[in-house]
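1. Okay, sequence plus prediction incoming.
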Amino acid sequence: MLESDWTAGFSAERLRALLYFPAVVACFLAILSLPLSLAYAQPAPATLRIAAAADLQPVLPPILDKFQQATGVYAEATFQASAALTAQIQNGAPFDLFLSADLSYPKRLIDAGLAHSLSDSSKPVIYAKGTLVLWTRKDGRWSTPSLVTLSDPELRRLAIANPERAPYGRAAVAVLASLKLADALKAKIVTAENVSQAAQFAETGNADAGLISLTSARTAQLSSVGSYFIIPRDLYPPIEQGAAIVTKSSQHQNAQKFLEFLLSPAIQQQLATSGLMPVK
């Protein structure tokens with residue numbers, strides 16, 4: 001009886017050991033394979049972060065897609081007034097590249113050591129030139145706008161970008177001064193945060209007309225509901241759009257690669273189609 005009990009106990013213990021051993025081996029092999037898996041794990045590619053002027057909002061997204069297809073580098077843009085983006089970079093915002101609607105803002109960052117240009121230049125990279133237009137709805141009083149529209153007494157509200165923050169706003173103010181209409185229209189000005197918002201004001205009827213960028217006027221939405229008149233270039237200073245690489249960026253190589261891509265003939269032609277004058 002005792003021998004039988006001992007044999008039964010031995011068999012039970014042996015059975016448990018046999019069942020436990022494979023589990024221990026499996027755990028051990030899993031632990032051994034863990035470092036090997038980590039060694040082959042690839043880190044997620046970093047995103048190229050672009051601070052972009054508001055007039056680039058209709059233009060830049062397809063260019064970013066082409067850049068990724070050509071280089072494998074994923075880039076995303078934040079669109080705001082150039083002055084607002086400058087302030088964010090000054091306050092340490094994690095951007096890699098700044099595409100401004102004029103040269104003064106990236107030049108300010110370069111002079112402060114917060115950004116740099118290509119090679120040894122102390123000047124921002126000029127990548128395009130902007131065009132100012134007068135835009136109105138087709139179903140309004142001025143279905144075909146012109147300079148005469150600005151002096152029409154029936155014009156009640158004129159949308160422009162904030163001249164203190166947006167280059168297109170400063171250009172709009174210059175046009176009104178050149179036409180000697182600044183005083184007459186002072187009370188009729190509807191000031192938007194940036195040129196995209198000025199276009200939105202005119203499109204939605206919150207303004208009768210808007211002095212906006214050609215890039216905004218040529219979007220599918222604004223083209224379908226409105227018309228534009230190109231403001232003669234001698235009425236406002238050139239809108240030279242400049243770029244700089246943020247000094248604290250860890251993506252200097254990719255930022256430079258994107259600038260070179262932006263200046264390539266094919267992309268310059270795409271900018272021209274979208275409403276920006278190419279520089280090459």
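-> Cool, got the structure. Numbering: from 1, shown residues only.

2. all contacts plus neighbour counts: C-alpha atoms, from now on.
-> Will do.

3. buried residues in stretch 229-248?
-> Neighbour counts over stretch 229-248 (16 or more other CA atoms under 10 Å) mark 229-231, 235-236, 239-248 as buried.

4. Give me the distance from it to the chain's centre.
-> Computed by CA atoms, centre = their mean, to the nearest Å, the chain-centroid distance of stretch 229-248 equals 16 Å.

5. Repeat that for stretch 130-148.
-> Between the mean C-alpha point of stretch 130-148 and the mean C-alpha point of its chain there is a distance of 27 Å (CA atoms, centre = their mean).

6. Check stretch 48-59 too.
-> For stretch 48-59, the distance to the chain centre is 2 Å (CA atoms, centre = their mean).

7. tell me the mean pLDDT over it?
-> Mean pLDDT, computed over stretch 48-59, is 95.

8. can you check stretch 121-132 too?
-> So the average pLDDT for stretch 121-132 ends up being 93.

9. Show me the beta-bridge partners of the closest residue to Leu211 other than its chain neighbours.
-> Closest residue in space to Leu211, ignoring its immediate chain neighbours: Leu134 at 4.6 Å, by CA to CA, 6 or more residues apart in numbering. When bridges are called by DSSP bridges, Leu134 pairs up with Leu211, Phe229.

10. Quick check, Leu134 in contact with Pro232.
-> No: applying CA atoms under 8 Å as the test, Leu134 and Pro232 come out as separate, 10.6 Å apart.

11. Overlap in contacts, the two.
-> Between them, Leu134 and Pro232 share no contacting residue under CA atoms under 8 Å, 6 or more residues apart in numbering.

12. Report the central residue of the protein.
-> Central residue of the chain (CA atoms, centre = their mean): Ala77, 3.0 Å from the mean position.

13. give me the number of residues near the closest residue in space to that residue that isn't next to it in sequence?
-> Leaving aside its chain neighbours, Ala77 sits nearest to Ile50 (4.5 Å; criterion: CA to CA, 6+ apart). Here the count is done by other CA atoms under 10 Å, and Ile50 has 20 residues near it.

14. low-confidence ranges in this structure?
-> For the chain, applying pLDDT under 70 flags the ranges 1-45, 120.

15. hmm, back to that, sec struct for the residue nearest to the centre of the chain, please.
-> Look at Ala77: counting by DSSP: H, G, I helix; E, B strand; the rest coil, its state is strand.

16. what's the distance between it and Leu56?
-> In this view, Ala77 and Leu56 are 10 Å apart by CA to CA, to the nearest Å.

17. Where do the helices of the stretch 1-150 of the chain begin and end?
-> 2-40, 60-71, 82-90, 104-111, 147-151 (DSSP state H, counting those that start in this stretch).

18. First-to-last residue distance for stretch 196-215?
-> End-to-end span of stretch 196-215 (CA to CA): 9 Å.

19. got the angle between the helix or strand Gly242 falls within and helix 104-111?
-> When elements are assigned from DSSP states H and E, Gly242 belongs to strand 239-246. Here the directions of strand 239-246 and helix 104-111 differ by 30 degrees (axes from the mean of the first three to the mean of the last three CA atoms, to 10 degrees).

20. Now do strand 239-246 against helix 82-90, angle only.
-> With the same axes, to 10 degrees applied, the angle from strand 239-246 to helix 82-90 works out at 10 degrees.

21. Contacts for whichever helix or strand comes after strand 239-246, please.
-> Per DSSP H and E, the first helix or strand lying C-terminal to strand 239-246 is helix 252-262. Residues from elsewhere that reach helix 252-262, judged by CA under 8 Å, 6+ apart: Leu48, Phe67, Val73, Asp96, Leu97, Leu118, Tyr127, Ile245, Ile267, Gln268.

22. what's the farthest-apart pair in those?
-> Using CA to CA, the pair of the contacts of helix 252-262 lying farthest apart is Asp96 and Gln268, separated by 21.4 Å.

23. what about these two, which has more around it?
-> A side-by-side neighbour count of Asp96 and Gln268, using other CA under 10 Å, places Asp96 first with 25 against 20.

24. just the strands in the stretch 51-200 of the chain please.
-> Using DSSP state E, counting those that start in this stretch, the strands found in the stretch 51-200 of the chain span residues 75-80, 97-99, 115-116, 125-130, 132-137, 158-161, 189-192.
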